[in-house]
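Peer 1: Quick one, structure for this:
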Amino acid sequence: MKAMVLTGIRAMEMHEVPDPKIEAPTDVLIKIGSVGVCGSDVHYYTTGRIGSQVVEYPFAVGHECAGTVVKVGAGVTRFKAGDRIAVEPAMPCGECDQCKVGRSHTCRKLTFLGCPGQAEGSLSEFIVMPEGSCLALKDETSLEAGVLSEPLAIGVYACKLAGELKGKHIGILGSGPIGLSVLMPARAAGVGKVYMTDKIDARLELVKKAGADWVGNVDKLDAVKVVTEAEPLLLDYVFECCGQQEAVDQAVLMLKPGGKLVMIGIPEVDRISFQIDYMRRKEICVQNVRRQNECAERTIELIEDGTLPVEPMITHHFPFERTKEAFDLVAGYEDGVMKAMIDFD
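Peer 2: Next up, the predicted model:
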């Protein structure tokens, strides 16, 4: 089969690789139909690493995906050939202490699709996943919607971790796919005012249409000044969705005493810092978000009942053979890109 693999920094080639095979009774062979380009994929493309996870070339990234079941193992009970599914890229062991207390996303033996040293990614014609990582889609649900259930589940989980959102005023710093993935479930939860920032006007226009009350380009204005003047008591929650030190600093200043900073963005650097005087005096709580935990199926339900509309997130389409163009587009934040999709069919 064909796979698009990283071969170096900002280098990517189509390779012929062995077809994946069903080996375990619970394995599901999937024909990939669509893949979303995620910011973490782009980190591997542009820098070859995220923290301690370093690419050994050649390697296929990609984890936001959906497709059609081709074949199932003898122990699979929920799926058959021809079923359309979204893929939950995490593959927990189900046996460690973390899995047993309901934290499968921090499983001690977790493997993750498209993560160096763990599992080859979904930028290939076929993949094999365990049945537990397969999520059924209704016939009328598009594969693209299934793809977007992955980043949206992170937003749903982040909102769950934040706490009671009804009537609360929040900030979302970073208006890319994850920022939008937070905005939609927050709106569905009855949040009060939403303030969003970014450095790309096209993204700000999009999230404004999707429900943000105020948007601001941090390269053109002092977002902290604007928000604190509009909200003298400051914000209940701030979701940091871009992985930037300056956004963390802005979040601390925007938060009210007792507020919560929810950190979702993945920094390219190894360390970030906090203005500890403000953090301490305000008694700010910091909540890190690690992917999603038991929110994937609920997210698909919210997509399928219309609560979370996915259409606004998709801005670009590329055929499989032009995957590198998609990665260059996303890496350069070009042409107002929000979510670039790789189409296999």
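
Peer 1: surely residue 48 meets residue 10?
Peer 2: No - contact criterion Cβ atoms under 8 Å: residue 48 and residue 10 do not qualify, at 9.4 Å. Every C-beta, even on glycine, is put in place using the N, C-alpha and C of the backbone.

Peer 1: higher neighbour count, those two?
Peer 2: For residue 48 versus residue 10, the count of surrounding residues by other Cβ atoms under 10 Å is larger for residue 48: 19 against 15.

Peer 1: Would you map the strands across the stretch 151-300 of the chain?
Peer 2: Secondary structure of the stretch 151-300 of the chain by DSSP state E, counting those that start in this stretch: the strands cover 170-173, 194-198, 214-217, 235-240, 255-263, 285-288.

Peer 1: who's in contact with the closest residue to residue 285 other than its chain neighbours?
Peer 2: Counting by Cβ to Cβ, 6 or more residues apart in numbering, residue 260 is the residue found nearest to residue 285 once chain neighbours are left out, at 4.5 Å. Residue 260 makes contacts with 162, 163, 236, 237, 238, 284, 285, 286, 287, as judged by Cβ atoms under 8 Å, 6 or more residues apart in numbering.

Peer 1: Give me the helices and strands touching the longest helix along the chain, please.
Peer 2: Using DSSP state H to define each element, the chain has its longest helix at helix 143-162. Judged by 3 or more Cβ pairs under 8 Å, 6 or more residues apart in numbering; DSSP states H and E, helix 143-162 is in contact with strand 27-36, strand 64-72, strand 84-87, helix 177-188, strand 235-240, strand 255-263, helix 296-304, strand 339-343.

Peer 1: Quick check: residue 53 touching residue 114?
Peer 2: No - Residue 53 is not in contact with residue 114 according to Cβ under 8 Å; the separation is 10.5 Å.

Peer 1: and the two? which has more neighbours close in?
Peer 2: Shown here are residue 53 and residue 114; by other Cβ under 10 Å, residue 114 has more neighbours (24 against 15).

Peer 1: Which residue is the nearest non-sequential neighbour of that one?
Peer 2: Using Cβ to Cβ, 6+ apart and skipping the chain neighbours, the partner closest in space to residue 114 is residue 121 (2.8 Å).

Peer 1: how about low-confidence regions in the stretch 1-150 of the chain?
Peer 2: Within the stretch 1-150 of the chain, the set of residues satisfying pLDDT under 70 is empty.
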